[in-house]
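Undergrad: How does the following fold in three dimensions:
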Amino acid sequence: MSTVMRYSTPAIVLHWLVALLIFAGFPLGLYMVDLPLSPDKLKLYSYHKWIGVSVFLLVAIRLGWRLTHTPPALPDGIAAWQRCASAVTHGLLYGLMIAIPLSGWLMSSAKGFQTVWFGVLPLPDLIGKDKALGEVLADVHVALNYTMLALVILHVGAAFKHHFIERQPFLQRMSWSRK
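TA: Coordinates of the predicted model:
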């Protein structure tokens, strides 16, 4: 039996922290937008922004780690087109994990709502108040999120396919267990 080439522990921790935040932030975003204006809606928007800023910061750390630590090679037997698809998908996911929080921050700035991380650290507005631009950025934010959803489904589906159908140790590469 061959040894599974795993990601490093920091890479695994960052992967699952970011995944958890995205899995919380996406449905929260879907839920909160259609609520009537209320203190509860504003609280949910704050939570959503906290998640977004946290994702942005964790992904910046994750990118720094990835640039300085080579990920494990894909198992033997992966077709060239699948290696290419994996690289493109990962690149797009990283880009979206930066672009989505930035688009939300830009949208909040344009709409005149400052982002305050965890209710204590006010972040500077990235652009001036501009209602029309805020609406465009809202559409961009939504489109980027649905693109991310499609890529996450592709990412998870590919990992499951390789693991369960092709019997390649894909899930162990990013798991907590060393077995």
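Undergrad: got the contact list for stretch 88-100?
TA: Outside stretch 88-100, the residues that touch it by Cβ atoms under 8 Å, 6 or more residues apart in numbering are 18, 22, 52, 55-56, 59-60, 62-63, 66, 141, 144-145, 147-148, 151-152, 154-155, 158. All C-beta atoms are positioned from the backbone trio N, CA, C, and that covers glycine.
Undergrad: Which of those fall within helices?
TA: In helices, judged by DSSP state H, the following of the contacts of stretch 88-100 are found: 18, 22, 52, 55-56, 59-60, 62-63, 66, 141, 144-145, 147-148, 151-152, 154-155, 158.
Undergrad: For those, which ChimeraX command selects only the ones that are buried?
TA: Buried subset of the ones in helices among the contacts of stretch 88-100, written as a ChimeraX selection, criterion 16 or more other Cβ atoms under 10 Å:
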select :18,22,52,55,56,59,62,66,141,144,145,147,148,151,152,155
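Undergrad: residues contacting R83?
TA: For R83, counting by Cβ under 8 Å, 6+ apart, the contacting residues are L74.
Undergrad: does it belong to a helix or a strand, and which?
TA: Using DSSP states H and E, R83 sits in helix 80-111.
Undergrad: Skip ahead from that helix and say which helix or strand is next.
TA: strand 116-117.
Undergrad: Let me know the next secondary structure element after that following strand.
TA: Heading C-terminal from strand 116-117, the first helix or strand you meet, by DSSP H and E, is strand 121-122.
Undergrad: how many neighbours does L96 have?
TA: Applying other Cβ atoms under 10 Å, we find 20 residues neighbouring L96.
Undergrad: What does the pLDDT read for it?
TA: pLDDT for L96: 98.
Undergrad: any idea how far it is from G128?
TA: Distance, L96 to G128, using Cβ to Cβ, to the nearest Å: 26 Å.
Undergrad: Next: G52.
TA: Taken as Cβ to Cβ, the span from G52 to G128 is 20 Å.
Undergrad: List the contacts of stretch 172-179.
TA: Counting by Cβ under 8 Å, 6+ apart, 4-7, 12, 15-16, 72, 159 sit against stretch 172-179.
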